[in-house]
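[1] The sequence and its predicted three-dimensional model are supplied below.
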Amino acid sequence: MAKILLKLLLALLILGLLQGCGSLFYWPEEGLRGTPDQLGFEYQPVNLTTDKGLKLHGWHFPSRAKPEVKPRGLIYYLHGNAENISTHFMGMTWITHHGWEVFILDYRGYGISEGRPSIAGVHHDAYIGLKWAIDRAAEQQMPLVVLGQSIGAATAVTLVANASPAEQAQVQGLIIDSAFSGYRRIAREKLSGSWLTWAFQYPLSWTFTDRYSPEKNLAKLPQDLPLLILHSCADDVIPCSHSQRLYQQIPEPKTYWQAEEGRHIQMLNQLKWRKKLIIWLEEETKKT
């Protein structure tokens, strides 16, 4: 039995070395469970193409405020690592009732987006989506805010940090919900949680790239970019110590919200945090 387990671990290590272990971070669900109109949401499909020709699919939700009222801005929403937009979109479409538009994109391999996910590939997809969001916000002359949850939050940090100065200037806010600080760091923590992989946590974690880790890219964020970090310390998927670590390394202007209850990415399901977010958005986007 021990020999079998050893062989499995060695196979995992070799697979990680060959693929950068990116696929181990992503758990996509192909197809869609439904569409927003089935729940009464107005939306438009957004179809994009990567530099390598992969077709990506997303949804754009207009503001649900009165038609004569100009939208307050656009939220570019980067979702977590499992399922697809058909299960994630409700996480932020509540904000359309408050005058904001929302754009959510499925990374490669998710939903009906083509390809297979990898760390580098997903970051490229997020950038393709950012360019669409920038064009939409500029066309409508409204603020653009990037919001990510879980692995989408980690992606959002590196995405904005590595955008061109002209693209960064079009982003009026960055919201990081339940992020991890580094790919290798979170990999070590997860590997240490099992007796099968505890002894291999360091060698296996080194098969993950840290190039795209948030803490490796924080210094490249615009110094005047309003940044909000939120995390629940009851999160049993990503410890809030990751967000605390990021917050300590980020210069002002920055805001940190911490809850003591609520599961992973559940803070914005609570009315009190939604109200605080609306106020933060209004205050920060008015400054730009």
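    That came through, no problem.
[2] Do a quick rundown of the strands in the chain.
    Under the criterion DSSP state E, the chain contains strands at 27-28, 44-49, 55-61, 73-78, 82-83, 100-106, 144-149, 173-177, 227-232, 254-259.
[3] could I get the ones you listed as JSON lines with mean pLDDT and distance to residue 91?
    Yep, even glycine has a C-beta here, placed from its N, CA and C like the rest. Listed next are the strands of the chain as JSON lines, based on pLDDT from 0 to 100; distance: least, CB to CB, whole Å:
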{"stretch": "strand 27-28", "mean pLDDT": "94", "distance to residue 91": "17"}
{"stretch": "strand 44-49", "mean pLDDT": "98", "distance to residue 91": "18"}
{"stretch": "strand 55-61", "mean pLDDT": "98", "distance to residue 91": "12"}
{"stretch": "strand 73-78", "mean pLDDT": "98", "distance to residue 91": "8"}
{"stretch": "strand 82-83", "mean pLDDT": "95", "distance to residue 91": "11"}
{"stretch": "strand 100-106", "mean pLDDT": "98", "distance to residue 91": "9"}
{"stretch": "strand 144-149", "mean pLDDT": "98", "distance to residue 91": "7"}
{"stretch": "strand 173-177", "mean pLDDT": "98", "distance to residue 91": "9"}
{"stretch": "strand 227-232", "mean pLDDT": "98", "distance to residue 91": "13"}
{"stretch": "strand 254-259", "mean pLDDT": "97", "distance to residue 91": "16"}
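[4] residues in contact with stretch 167-174?
    With CB atoms under 8 Å, 6 or more residues apart in numbering as the test, stretch 167-174 has contacts from 73, 130-131, 134, 137-138, 143-147, 156-157, 160, 163, 221-222, 225-228, 281, 284-285, 288.
[5] Return the members of those classed as buried.
    Buried residues within the contacts of stretch 167-174, counting neighbours by 16 or more other CB atoms under 10 Å: 73, 130, 134, 137, 143-147, 156-157, 160, 163, 221, 225-228, 281, 284-285.
[6] Now residue 260: closest residue in space that isn't a chain neighbour?
    Beyond its immediate neighbours in the sequence, the residue positioned closest to residue 260 (CB to CB, 6 or more residues apart in numbering) is residue 233, lying 5.6 Å away.
[7] Please look at the one you found and residue 259 and confirm they touch.
    Yes. Using CB atoms under 8 Å, residue 233 is in contact with residue 259, at 7.0 Å.
[8] Would you mind telling me which of those two has the busier surroundings?
    Taking other CB atoms under 10 Å, residue 233 and residue 259 do not tie; residue 259 has more neighbours (17 against 14).
[9] Contact partners for the nearest residue to that one once chain neighbours are set aside?
    In space, residue 259 comes closest to residue 232 once its chain neighbours are excluded; the distance is 4.1 Å by CB to CB, 6+ apart. Residue 232 makes contacts with 178, 240, 258-264, 266-267, as judged by CB under 8 Å, 6+ apart.
[10] how about the strands of the chain in TSV, adding distance to residue 216?
    Formatted as TSV, the strands of the chain follow (distance: least, CB to CB, whole Å):
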stretch	distance to residue 216
strand 27-28	24
strand 44-49	27
strand 55-61	25
strand 73-78	18
strand 82-83	24
strand 100-106	23
strand 144-149	16
strand 173-177	15
strand 227-232	16
strand 254-259	18
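[11] With respect to residue 245, which of the ones you listed lies nearest?
    When the strands of the chain are compared by CB to CB, strand 227-232 sits nearest residue 245, at 10.2 Å.
[12] mind saving the C-alpha coords of the closest one as CSV?
    Extracted in CSV, the C-alpha atoms of strand 227-232 (Å, rounded to 0.1, in the frame of the first residue of the first chain):
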residue,chain,number,x,y,z
LEU,A,227,-8.3,49.2,-2.9
LEU,A,228,-10.7,47.3,-0.8
ILE,A,229,-9.9,43.9,0.8
LEU,A,230,-12.5,41.8,2.5
HIS,A,231,-12.3,38.4,4.2
SER,A,232,-14.1,36.4,6.8
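[13] got the angle for that strand vs strand 144-149?
    20 degrees (axes from the mean of the first three to the mean of the last three CA atoms, to 10 degrees).
[14] partners of strand 227-232 in the sheet?
    strand 173-177 (parallel), strand 254-259 (parallel) (DSSP bridges).
[15] List the buried residues for the shortest one?
    Neighbour-count burial for strand 173-177 flags 173-177 (criterion: 16+ other CB under 10 Å).
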